[in-house]
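Chemist: Let's see this in three dimensions:
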Amino acid sequence: MALTLSQLRKQYVGPDGSVVPVVDIENFHLGDAEQLALVGSSGSGKTTLLHLIAGILTPDSGRIVFDFSGAGGTNAKPQAAASAGSPSAGVSYATPDVASFAPGSVNICALSEAERDVFRGRYIGYIFQTHHLLPGFTALENVLLGMSFTGRKHDPAWATHLLEEVGLGNRLHYKPEKLSVGQQQRVACARALANRPKLVLADEPTGALDAQNAQQVLDLVRKLCDEVRSALLIVSHDPHITRQLPRAVSLADLNRASTVMTDSGTRVMNV
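Modeler: Residues are numbered from 1 along each chain as shown. Alright, predicted model coming up:
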């Protein structure tokens, strides 16, 4: 599944009423199963950008197009995989703009909030800087919960396989409090791949880890993405991480509204 952004813009209104552009991207393309790093400092709009791509936020204007035509001939027209009676049952991915793109493409900006939620659960895996695991559930249960938003049946064998792949086969029934920070993040990586997504978004996934654990997590994310043939878009300010990806793009160059926060708390534009 390829991703294309075009004329994408998002702005916020500051406390003083001023308009603050956060995302202004003319064009960006991520190929099917490509692994790419976006290099950006704090305040450069990288989290907002990932939230737009994931459909968590909606842009003020522009398009975010997922093209399934090159994904091995499968899922040419993505359909909701919800079972009858589930909250997402009956959701359709047909969009008003689909005719203006190649067959099998979806402009996520044209979907309703409910449709975006189902689309994200089915096709996008998200790895946060902090793991966001549910503390009352075991590692295995946290991964299984990642399967709950698509209407599919739980697949314990696949969840177990993912945890074994990240070196936690002997920690399946441990709750997060019994795991190290690095192990918790590895569970989060497994959870992001629970639905065999077509795209994995990783927002500073190694930012809270030491160098050794950061390298392990990066290697595992890339390995799992290769295994399920997912595209990977990782944002980081760490050059040691970003230089290992086949392609790296500076967010300051890509995003014309890229901003940084000065020591005085004032936002200044990087243009």
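
Chemist: which residue sits closest to residue 143, ignoring its sequence neighbours?
Modeler: residue 159 (4.2 Å; Cβ to Cβ, 6 or more residues apart in numbering). Backbone N, C-alpha and C define where each C-beta goes, glycine included.

Chemist: three-state assignment of the closest residue to residue 146 other than its chain neighbours?
Modeler: Distance criterion Cβ to Cβ, 6+ apart; nearest residue to residue 146, sequence neighbours excluded, is residue 194 at 3.6 Å. Look at residue 194: counting by DSSP: H, G, I helix; E, B strand; the rest coil, its state is coil.

Chemist: Around residue 194, count how many other residues there are.
Modeler: 24 (other Cβ atoms under 10 Å).

Chemist: Repeat that for the one 4 residues further on.
Modeler: Using other Cβ under 10 Å, the number of residues around residue 198 comes to 24.

Chemist: Quick check: it touching residue 30?
Modeler: No: if you go by Cβ atoms under 8 Å, residue 198 and residue 30 don't touch, sitting 10.8 Å apart.

Chemist: if I look at the two, which residues touch both of them?
Modeler: Residues touching both residue 198 and residue 30 (Cβ atoms under 8 Å, 6 or more residues apart in numbering) are residue 231.

Chemist: so residue 239 touches residue 41, yeah?
Modeler: No: with contact defined as Cβ under 8 Å, residue 239 does not reach residue 41; the gap is 11.4 Å.

Chemist: between the two, which one's more packed in?
Modeler: Higher neighbour count among residue 239 and residue 41: residue 41, with 14 against 11, using other Cβ under 10 Å.

Chemist: Would you list the phi and psi of the more buried one?
Modeler: Here is the backbone geometry of residue 41 (degrees, to the nearest 10): phi -80, psi 170.

Chemist: likewise the one 4 residues further on?
Modeler: In this entry, residue 45 is assigned phi and psi values of phi 90, psi 10 (degrees, to the nearest 10).

Chemist: Equivalent analysis for the one 5 residues further on, please.
Modeler: The phi/psi pair for residue 50 (degrees, to the nearest 10) reads phi -60, psi -40.

Chemist: Which pLDDT value does the model give the residue nearest to residue 143?
Modeler: The score at residue 159 is 95. That number is its pLDDT.

Chemist: and the residue nearest the centre of the chain, what element?
Modeler: For the chain, the residue nearest the mean C-alpha position is residue 201 (2.4 Å; Cα atoms, centre = their mean). Per DSSP states H and E, residue 201 falls inside strand 199-203.

Chemist: For that strand, C-alpha coordinates in CSV please.
Modeler: This file holds the C-alpha atoms of strand 199-203, laid out as CSV (Å, rounded to 0.1, in the frame of the first residue of the first chain):
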residue,chain,number,x,y,z
LEU,A,199,1.5,0.9,7.1
VAL,A,200,3.3,1.3,10.4
LEU,A,201,3.7,4.8,11.9
ALA,A,202,6.3,5.1,14.6
ASP,A,203,6.5,8.4,16.6
